[in-house]
Every structure is written in C-alpha cells, then in structure tokens.
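> Coordinates for the following, if possible.
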Amino acid sequence: MKKNDQSKHRICISKIKRTTIKPYDAFQWTKFYEDNYSFYDAYPGISIQLNAEELLICSTIIDLDNYSILTTQKLITSEKGVLESGLIIHAENGLYGNFKGHGNEKFTFGKIILENGKILKYFIETGKASMVMVNGVKTLIQIK
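Numbers count the residues shown, from 1 in each chain. So this is what the prediction gives:
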C-alpha cells in the first residue's frame, strides 16, 4: 500500500526523535520540522517549490548557498550555490560519510543513488545532529 505524504512525514519524524539525542534545538545547522511553517519562518531566504501534499521533514542548512532539505518526496541540495534535487521514490541509500565527526569535521556528505543512477550528495552535520539527516533519508527510502 502506497503511503501518503502525511504518513511518510509522521514515520520519519518519529524515527528521528527515537534515534536523536535531546535537546533537538542544540544543533548548529540541523533541524526537523513538525510542519512546513516552521521551516519558512526560520529560513525566509530559501525558496523551495513543494507539491500540494509535500511536507518538509528535515534539513542541514549551513548558509544560503550550502544546504540540504529532505521533503516527503525529494532531496534538495545546494552546494556552493549549485542546486540539485532528486525524487526519493526509487532512490537507494549510498554512503553516510564521516557522520561521527572524527577529525573535528563539522559536516560531511551522505549520498543517495537516484533511479537514473545519478548520485545526489546531501549535507550531514556531524556528531549527535547527524542522526536527523541520516535517519530522515534512510527511513524515507525504506518506506517509499
């Protein structure tokens, strides 16, 4: 049975909360969203197009040129101002990079493999915050 966007959102947010150490608002760049309005209020400078039922799940936003945003339908990444995105529906998990932050790196890149074989990178804040993006992407791909 195909899940709707609200169901996908609820499952992903629940998984993120179960696997992420509190306090959730202590992370430098990473957040998850109970609703779309909290994203738009926090980041008015980032304009993204969403379909009618699409919901924001989580993001790692370093600045206006470097960020990744996961929605119930797609992954969006801007690296050095170059915007790329891909649909999650038939994507596969790739690598998660050095998400534990060994070597004092503040962020790393995860990767997914899109249906057409293209690799799409996404930002992951290292350390405790990493579980937000890692589990958001991983869970969404698993539940399709």
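> ok, the residue nearest to Tyr67 when sequence neighbours are not counted - contacts?
Nearest residue to Tyr67 in three dimensions, chain neighbours excluded: Ile61, at 4.0 Å (CB to CB, 6 or more residues apart in numbering). (C-beta placed from N, C-alpha, C; glycine too.) By CB atoms under 8 Å, 6 or more residues apart in numbering, the contact set of Ile61 is Trp29, Lys31, Tyr43, Ile46, Tyr67, Ser68, Ile69.
> and Ile61, helix, strand or coil?
Recorded secondary structure, Ile61: strand (DSSP: H, G, I helix; E, B strand; the rest coil).
> How confident was the prediction at it?
Reported pLDDT at Ile61 in the predicted model: 98.
> go on, Ile11?
pLDDT, the model's per-residue confidence, is 97 for Ile11.
> Identify the residues contacting whichever strand or helix holds it?
Taking DSSP states H and E as the definition, one finds Ile11 inside helix 5-19. Residues external to helix 5-19 that are found in contact with it (CB under 8 Å, 6+ apart): 3, 24, 32-34, 53-55, 57-58, 70, 72-73, 131-132, 135-136, 139-140, 143.
> are any of those buried, and which?
Members of those that pass the buried threshold by neighbour count (16 or more other CB atoms under 10 Å) are listed as 32-33, 54-55, 57-58, 70, 72-73, 131-132, 135-136, 139-140.
> Run through the bridge partners of the residue nearest the centre of the chain.
Per CA atoms, centre = their mean, the C-alpha nearest to the average position across the chain is that of Leu70, at 3.5 Å. The residues paired with Leu70 through beta bridges, assigned by DSSP bridges, are Cys58, Leu75.
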